[in-house]
Every structure is written in C-alpha cells, then in structure tokens.
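**Q** coords below, sequence missing:
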C-alpha cells in the first residue's frame, strides 16, 4: 500500500486550516469509520497512544469525549459538540483539548465520492484567532494527523 | 433607560465578527438570561417574531433548537451544539440556520464582571469563509441583534 499524503493549507493571517486527503475506499466506509466509536478507536491518534472513549455520538446535537493515554501514563483529554452530520456527506463539530480549553476549533468535514471506490475528505477548521491556530499547527498536529490517516488506510484495507 | 450600543467589528478579509455590549445587571443575571430557556424566549430575536423553543440545553456537550415564527406565519429554524459552558464566564456554541445549513458560525461569548452590577458581554464568531460571513452581516443580523439586546435590557431591568 502506498501511503497517501494529506495536503494542508494554512493561509498566512487567516484563522483557518484546510486538510485534503484521499482514501482508497468508498464514501460510506470512510464515513462509517468516523462515526462508529469502535472503528474510531482503531485509527484516531498516533499509534503509541491508547484511546479511552467516554462517548462518541455523531449526530446533529450530539457530542463526544475521549482521552488519549501515552506510554508513560500521561493523559490528554479531548471533547467536542456535533453541529451537524449527514451520512456520507458531512460532519461539522467542535474540537477542544483540555490543555487549551478556550481555543477550540470548529471543523467541517466534507466527504466526496470520487467513484471507483475512492473518497476525498476535506476538513476545514476555523478558530477564534490566528495566534491560536499557529499554536495548534506548532503542537505537532500534522504528524499526528498523518499517522492517524495511515492507520485509517490500514483499517479500510483490512475491511476489504 | 438609555439604550446601549453594541460595538461590532468585522475586519476586512477575516472570517470573524466581534460584538461587545454592556448591561446594567450583574454577571450572574446576564448569564442566567442566556441559559434559562424561559428567559431566552423573552429576549432573543426581533420583537415581531415569536420564539418556539424545541430545546435549550446550555452545558458542555448540550445543544439547542428553536423556530422563529413571523407575523405572516413564515418559520425560521435555528439550531446549534454547545462546546462549553462555565457559569458566569463563558458559553461557546455553534449557530446554524436552516436557510443556510452549511454556513454555521462558532460563537464564543465571554461574560465579564465590571463591578457595580454591570457586565460586559463579548461575543466572537468565526465561520468557514469570509463570503459566508459577509452574507451573514448583509442578512440584517445587526438590527436583529440590537433589538434582542434592547429586549434583554428590559428583561434585566424588570428583574430588579
């Protein structure tokens, strides 16, 4: 399997981040891997972290919370609220981290059916100020995201 | 009662709106007027609209939905998800309109105790692109907001 690259855009001076990534799986399976908590636990986050799920309820007005546990026992809590979810089309949700609770992002994930069993995922995030965005980018989110999507590739391939 | 003016900032080219408004009431009452659905119904929106509340659950992971009914029977549906709420300090939530369901804002309301029974409310909104922000500003939101806050002034004065 060839590892795909995500494209990340973070325009100078704008409080936005756009991530585009393609997957060799049909849109319904890519979507389901985002909403089924048992699947999410298998790919979200770097490999060395264990994901302890509190709840994962992806529907309009739903919410989620989980803790990533590091190999040294350190815990990182994340939570968010779900603005909207349309199967195989769109999920929009907030994303917060206990370590910076006032600097949440609002993420809109659009799932595009490319045909031939392929899917394009486009995630646009906004945050309340550019400095918070730059801190988020500097936190190593790009490496964690790439590792997550590699794990998602593997999960989707194993489902074949 | 002298009507207070809200200050609205919408910097050119940035997908953000900041609203600052002061109230002649202590912070706990201004906060409560945002979280108690029976109070919210008395001030949110222009006077000519009737607010039909579906639910209003302002807590971390909560959500809300309501319909504004115009004098001619037209209905406008709004909904959102609550990212966080800290009593007398902060509410962050998404805000969506049925008429433009993919252009939601993410609003962070910060309540500041000014002492002497006065409160400053600062609401910062972000949206996924500047064009959507400009359409939102052009929709007459400023007039509706000013009328809402006048009604909130009246509600808070009546509670004295």
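**A** Arrived safely. Remember, predicted model here, so these are calculated numbers, not experimental data. Residues are numbered from 1 along each chain as shown, chains lettered A, B, ... in the order given.

**Q** residue A:139: neighbour count?
**A** By the other C-beta atoms under 10 Å in any protein chain shown criterion, the neighbourhood of residue A:139 contains 13 residues. Just so you know, the C-beta spots here come from the backbone N, C-alpha and C atoms, and that holds for glycine as well.

**Q** for residue A:42, what are its contacts?
**A** For residue A:42, the contacting residues are A:151, A:155, by C-beta atoms under 8 Å, 6 or more residues apart in numbering or on different chains.

**Q** and it, that one's in a helix?
**A** No: Residue A:42 is assigned coil when assessed by DSSP: H, G, I helix; E, B strand; the rest coil, not a helix.

**Q** the longest helix seen in chain A packs against which elements?
**A** Secondary structure of chain A read by DSSP state H shows that its longest helix is helix A:141-159. With contacts taken as 3 or more C-beta pairs under 8 Å, 6 or more residues apart in numbering or on different chains; DSSP states H and E, helix A:141-159 sits against strand A:16-23, helix A:27-35.

**Q** and of those, who's closest to residue A:139?
**A** Closest to residue A:139 of the helices and strands packed on helix A:141-159 is strand A:16-23 (C-beta to C-beta; 11.9 Å).

**Q** below-threshold pLDDT in chain A: ranges please.
**A** Within chain A, the segments meeting pLDDT under 70 span A:1-3.

**Q** quick one, strands of it?
**A** For chain A, the strands defined by DSSP state E occupy A:7-9, A:16-23, A:50-56, A:63-69, A:75-86, A:90-97, A:105-115, A:118-127.

**Q** what are the contacting residues of the shortest one?
**A** Spelled out, that is strand A:7-9. A:17-21, A:142, A:145.

**Q** just the buried residues out of these, in ChimeraX syntax.
**A** A single ChimeraX command selects the buried members of these (16 or more other C-beta atoms under 10 Å in any protein chain shown):
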select /A:17,18,19,20,21,145
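
**Q** and chain A, which residues reach chain B?
**A** A:13-16, A:60-63, A:65, A:79-84, A:90, A:92-94, A:96, A:101-102, A:104, A:106, A:108, A:124, A:126-129 (C-beta under 8 Å from any C-beta of the partner chain).

**Q** quick one: buried ones out of these?
**A** A:14-16, A:60-63, A:65, A:79-84, A:90, A:92-94, A:96, A:101, A:104, A:106, A:108, A:124, A:126-128.

**Q** please report the distance of residue A:123 from chain B.
**A** 11 Å (C-beta to the nearest C-beta, to the nearest Å).

**Q** does that residue really touch residue A:105, like I thought?
**A** No: taking contacts as C-beta atoms under 8 Å, residue A:123 lies outside contact range of residue A:105: 9.8 Å.

**Q** more neighbours: which of the two?
**A** Neighbour totals were compared for residue A:123 and residue A:105, and residue A:105 leads with 26 against 19 (other C-beta under 10 Å).

**Q** so what's the closest residue to that one other than its chain neighbours up against?
**A** Distances taken as C-beta to C-beta, 6 or more residues apart in numbering or on different chains place residue A:125 nearest to residue A:105, at 4.3 Å, with adjacent residues excluded. Residue A:125 makes contact with A:16-19, A:95, A:105-108, according to C-beta under 8 Å, 6+ apart.

**Q** try residue A:77
**A** Contacts here follow C-beta under 8 Å, 6+ apart; on that basis residue A:77 touches A:65-67, A:97-98.

**Q** flag every buried residue along stretch A:22-33.
**A** A:22-27, A:29-33.

**Q** just give me the closest of those to chain B.
**A** Among those, residue A:31 lies closest to chain B (C-beta to the nearest C-beta), at 16.4 Å.

**Q** give me the phi and psi for the residue nearest to the closest one when sequence neighbours are not counted.
**A** In space, residue A:31 comes closest to residue A:88 once its chain neighbours are excluded; the distance is 4.7 Å by C-beta to C-beta, 6+ apart. Main-chain torsions, residue A:88, degrees, to the nearest 10: phi 70, psi 10.

**Q** now swap in residue A:71 and tell me
**A** Main-chain torsions, residue A:71, degrees, to the nearest 10: phi -60, psi -30.

**Q** from the buried residues of stretch A:22-33, pick the one nearest residue B:154.
**A** Taking the buried residues of stretch A:22-33 together and measuring to residue B:154 by C-beta to C-beta, the closest member is residue A:31, at 46.9 Å.

**Q** may I have the beta-bridge partners of the closest residue to residue A:52 other than its chain neighbours?
**A** Closest residue in space to residue A:52, ignoring its immediate chain neighbours: residue A:67 at 4.5 Å, by C-beta to C-beta, 6+ apart. Note on residue A:67: beta-bridge partners by DSSP bridges are residue A:52, residue A:77.
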